[in-house]
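# Quick one, fold the following:
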Amino acid sequence: MRKALVSSFFLGALVAAAPAAHAFCGFYVNSGGSEMWNDATQVVLMRSGTRTVLSMQNNYKGPPEAFALVIPVPTVLQKEDVKTLPKAVFEHVDQMGAPRLVEYWEQDPCDTRDYERYEVLKSAQNAGILQGSSGEGRGNFGVTIEAKFEVGEYQIVILSAKDAAGLDGWLRAEQYQIPPGAEPFLRPYVESGMKFFVAKVDPTKVTFKDGRAELSPLRFHYDSDEFNLPIRLGLANSSGTQDLIVSILAPGQRYEVANYKNVTIPTNLDVKDAVRDTFGEFYAALFDRTVEKNPGAVVTEYSWMASNCDPCPGPVIDLGELSTLGLDVLGGARGAAAPYSGDAMSMVLTRLHARYGKTVTEDLVFKAAEPIVGGREFLQDDGKLEERSRPDSINNFQARYAIRHEWTGPITCKDPQRGHWGGPPAGVTGGGVKPALDLAFVARGAAKLPELVKQDVPEIDVRAGVASVPLTPNPQTGPAPGSSQPPATPAPPPKAKSGCGCDTSTSDSLASLGLGGAALATIVRRRRRPHRQEPPCAV
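Numbering: from 1, shown residues only. Below is the predicted model of the structure:
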């Protein structure tokens, strides 16, 4: 079974086979010894300087016995560092960064009012308008309870351990049946001095729906010189390939991975009408092909200012939501959280999508990256829409796909202006912006890219109307995503003192993990080309 994970970082949803499950940076343990899966995790990170605020929402699937999630963290957290959040904010972040489908109708080529309006919009765009108790654990396990407190339905302890076997033994002595073979995954974190956030949940205080516990999202913050995500520990609950979506929101900054290859998702593709009802399946096929073509990469799907969008699948992320996800503690000196004092409206939302298996040897490490653009209604010098991604001075990149209806009415003028797109004509319903949500539960294999795209996609060897040939794993880069290999011994993570597209990356390949995908790293100064503002869409 393929597993999948949705991780959204606010600094700064995912794709898998159905039924899918999501990975995350920790694992689940329970007191009943039954199988448990975390099949829908969203992680939202916000970061500025050394401050990281991590928010996560879990859909735990398993028996209603008491269980706990275990996450490595770089420092000892106290009660004031942890809080519960409303669920709606995660849905909004996922919606804003999700791939989107738009539907346009060509406007009357002889109606110069539309042409003149677009020229005004284009000029405006070019002008830039647009405290806990501590004590020794049970027995001689070498485990110390550094802090202990309750938040909502969660009973939280922060643990330190002298060795992984001792931590394994402590959890078992406390009646938690941790996943078989978890000790090797715990070991690198223990050896580097990481602490362990253990949030136990009383199932009598939560609602179970269709076997899933509807848990309150958790948020905690800490200071760390390094910005990474400890994904390897989550493999203890994994039974196969996992997908991870990371949405990162940071002041004026895009992010990509530092220790794996980066690539951007193919974007600005015109697609056939059939995609309207199967957009999720179409995008899943596009992502799968991108991963297949770029084994061992992380895919960038979105990088845009959080305060605006074009086209917008809904209202932009507001200040209240930013505060909920960490703006209230993003400022202040190290170890002394305070409200963020900078320009909150400068937040850039980055969405990264990765795939990996049990052969993963490194956690994801993030680094600041130069701005990129792509996926806009942006005319190049040759009159064609921009393709793929390219460096720029601003972040305006999105995974955007369009259904276009050409003008079929009479042309009564001598100089018709073709290629101006907008909402549907009178009496026609449709249009609007459709985000691809709940991608973890999309059926795979049915959508055939060559039959759905109206143009070739050379970066992933897809030709419109010509069946794609499956790619063969490269022996130099490792197995293709989803292939089966025995688990590798995890490599040590960064030391605890510092922290829990078109391809331009020079870092090591993620191939041994089976990750897939994306982003530009180097900025090249170019003359700004005319930008055609997105035409209005009918809702």
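# tell me the phi and psi of Gly431?
Backbone geometry at Gly431, expressed as degrees, to the nearest 10, gives phi 90, psi -160.
# That one: neighbouring residues, count only.
20 (other Cβ atoms under 10 Å). (Glycine included, C-beta is placed from N, CA and C.)
# wouldn't it be in contact with Pro424 here?
Yes. Counting by Cβ atoms under 8 Å, Gly431 does reach Pro424; the two are 5.1 Å apart.
# residue ranges with poor pLDDT in the stretch 251-400 of the chain?
Confidence mapping of the stretch 251-400 of the chain against pLDDT under 70 gives the ranges 358-359.
# Break down it into its helices, ranges please.
According to DSSP state H, counting those that start in this stretch, the stretch 251-400 of the chain carries its helices in the segments 279-293, 319-322.
# just the chain next, same as before
Per DSSP state H, the chain carries helices over the ranges 88-97, 112-126, 164-173, 183-191, 279-293, 319-322, 449-452.
# Flag the shaky bits of the protein, pLDDT-wise.
Scanning the chain with the threshold set as pLDDT under 70 gives 1-41, 58-68, 112-140, 176-179, 211-213, 233-241, 358-359, 440, 468-539.
# now the helices of the chain in CSV, with mean neighbour count and distance to Asp328?
What follows is those, written out as CSV (neighbours: other Cβ atoms under 10 Å; distance: least, Cβ to Cβ, whole Å):
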stretch, mean neighbour count, distance to Asp328
helix 88-97, 22, 13
helix 112-126, 15, 33
helix 164-173, 20, 33
helix 183-191, 22, 29
helix 279-293, 24, 34
helix 319-322, 17, 9
helix 449-452, 17, 44
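# Among the ones you listed, which comes closest to Cys413?
Nearest to Cys413, of all the helices of the chain, is helix 112-126, at 8.4 Å by Cβ to Cβ.
# Tell me who's in contact with Arg334.
Under the criterion of Cβ atoms under 8 Å, 6 or more residues apart in numbering, the contact list for Arg334 reads 50-51, 223.
# if you set the cut-off to 10 Å instead, what comes out?
Arg334 makes contact with 49-51, 223-225, according to Cβ atoms under 10 Å, 6 or more residues apart in numbering.
# which one among these gets closest to Arg390?
Minimum distance to Arg390 across these is 29.3 Å, recorded for Gly49 (Cβ to Cβ).
# distance of that closest one from Ala368?
Using Cβ to Cβ, to the nearest Å, one obtains 12 Å as the distance from Gly49 to Ala368.
# can you check Ile403 too?
In this structure, Ile403 and Ala368 are separated by 36 Å, where distance is defined by Cβ to Cβ.
# same question, Leu349
Relative to Ala368, Leu349 is positioned 15 Å away (criterion: Cβ to Cβ).
# of these two, who's got more company?
Leu349 (27 against 14).
# what is that one paired to in the beta sheet?
Under DSSP bridges, the beta-bridge partners of Leu349 are Leu249, Trp304.
# so it sits right up against Glu321, yeah?
No. The pair Leu349 / Glu321 is not scored as a contact, 11.4 Å apart, by Cβ atoms under 10 Å.
# who touches both of these two?
Both Leu349 and Glu321 are in contact with 10, 93, 96, 249, 306, where contact means Cβ under 10 Å, 6+ apart.
# check contacts around Gly342.
Going by Cβ under 10 Å, 6+ apart, Gly342 touches 48, 251-252, 327, 330-331.
# Excluding chain neighbours, what is closest to Ile156?
Distances taken as Cβ to Cβ, 6 or more residues apart in numbering place Ala199 nearest to Ile156, at 5.0 Å, with adjacent residues excluded.
# wait, the one you found sits on Tyr154?
Yes. Assessed by Cβ under 10 Å, Ala199 is found in contact with Tyr154 at 4.6 Å.
# can you list residues touching both of these two?
Contact with both Ala199 and Tyr154 is made by residues 68-69, 82, 215, 218, according to Cβ under 10 Å, 6+ apart.
# Let me know how buried Thr204 is, in neighbour terms.
Residues near Thr204, counting by other Cβ under 10 Å, number 8.
# Show me where the stretch 101-250 of the chain has its strands.
Defined through DSSP state E, counting those that start in this stretch, the strands belonging to the stretch 101-250 of the chain, from first to last, are 135-136, 143-151, 154-161, 195-201, 207-209, 212-214, 218-223, 228-229, 242-251.
# Now distance to Ser393 and mean neighbour count too, for those, in CSV please.
Output for the strands of the stretch 101-250 of the chain, formatted as CSV (distance: least, Cβ to Cβ, whole Å; neighbours: other Cβ atoms under 10 Å):
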stretch, distance to Ser393, mean neighbour count
strand 135-136, 55, 10
strand 143-151, 42, 18
strand 154-161, 43, 21
strand 195-201, 39, 24
strand 207-209, 47, 11
strand 212-214, 43, 16
strand 218-223, 31, 22
strand 228-229, 28, 24
strand 242-251, 16, 28
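# And those strands: which comes nearest Gly335?
Across the strands of the stretch 101-250 of the chain (criterion: Cβ to Cβ), the nearest stretch is strand 218-223, sitting at 6.1 Å.
# related to what we said a few turns ago, tell me which of the helices of the stretch 251-400 of the chain lies nearest to Ile372.
For those, the distance to Ile372 is smallest for helix 279-293, at 16.0 Å, taking Cβ to Cβ.
# Strand 242-251 and that closest one, what's the angle between them?
Helix 279-293 and strand 242-251 meet at an angle of 100 degrees, taking axes from the mean of the first three to the mean of the last three Cα atoms, to 10 degrees as the criterion.
# burial count for Asp463?
Just to correct that, residue 463 is Arg rather than Asp. The number of residues packed around Arg463, counting by other Cβ under 10 Å, is 14.
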